[in-house]
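In: Give me a model of this one.
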Amino acid sequence: SSGIFLEPGYPPLYYSRKSSSQSVSPNKSAIASLGEGVAGLVAQRLYRARKLARPIHDYPDLVMVNGQTIYLIEAKATTGSGADIQQTIDDEVSRMSVYTAGCTNLAPQNKIIGVLIGTALTNLNAYETYVTEVRV
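Out: Residues are numbered from 1 along each chain as shown. Coordinates of the predicted model:
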């Protein structure tokens, strides 16, 4: 009821509540980092890609490569439902489309594919992942 915390030195998974009338809110950074980890795993398994770059505080979250194909990967995550993350991914498609189209001129010898990977953390041991590819 007052929040869940990890060992000292790690950020809390949930923010404490000031009173019993407030709901416990998940730590947005922890949820986002779990989403990025799942996105990297999915990209390695699904696309057989390896990490080329991981931009810090920039778009997209990961740049991966497999042969002549470059994957621009943006990760989104939530503790909400699958419908919540699907809506978030749908809202992100236009931004990824513009970004992917802009990057095709930077590496004309490569195929550039934008990938939106949404993760719904359903409980401690399970998650759902939604993948949307953007090809221009």
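In: residue contacts, A49?
Out: A49 is in contact with A43, M64, V65, N66, T69, Y71, counting by C-beta atoms under 8 Å, 6 or more residues apart in numbering. (C-beta placed from N, C-alpha, C; glycine too.)
In: Just give the number of residues close to the second one.
Out: If I follow you right, that is M64. 24 (other C-beta atoms under 10 Å).
In: Please look at I112 and T100 and confirm they touch.
Out: Yes - counting by C-beta atoms under 8 Å, T100 is a contact partner of I112 at 5.7 Å.
In: Could you tell me which residues touch both of the two?
Out: What both I112 and T100 touch, as defined by C-beta under 8 Å, 6+ apart, is the set L72, V136.
In: now the contacts of A49 in TSV, with secondary structure and distance to V134?
Out: What follows is the contacts of A49, written out as TSV (DSSP: H, G, I helix; E, B strand; the rest coil; distance: C-beta to C-beta, whole Å):
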residue	secondary structure	distance to V134
A43	helix	14
M64	strand	14
V65	strand	17
N66	strand	17
T69	strand	13
Y71	strand	10
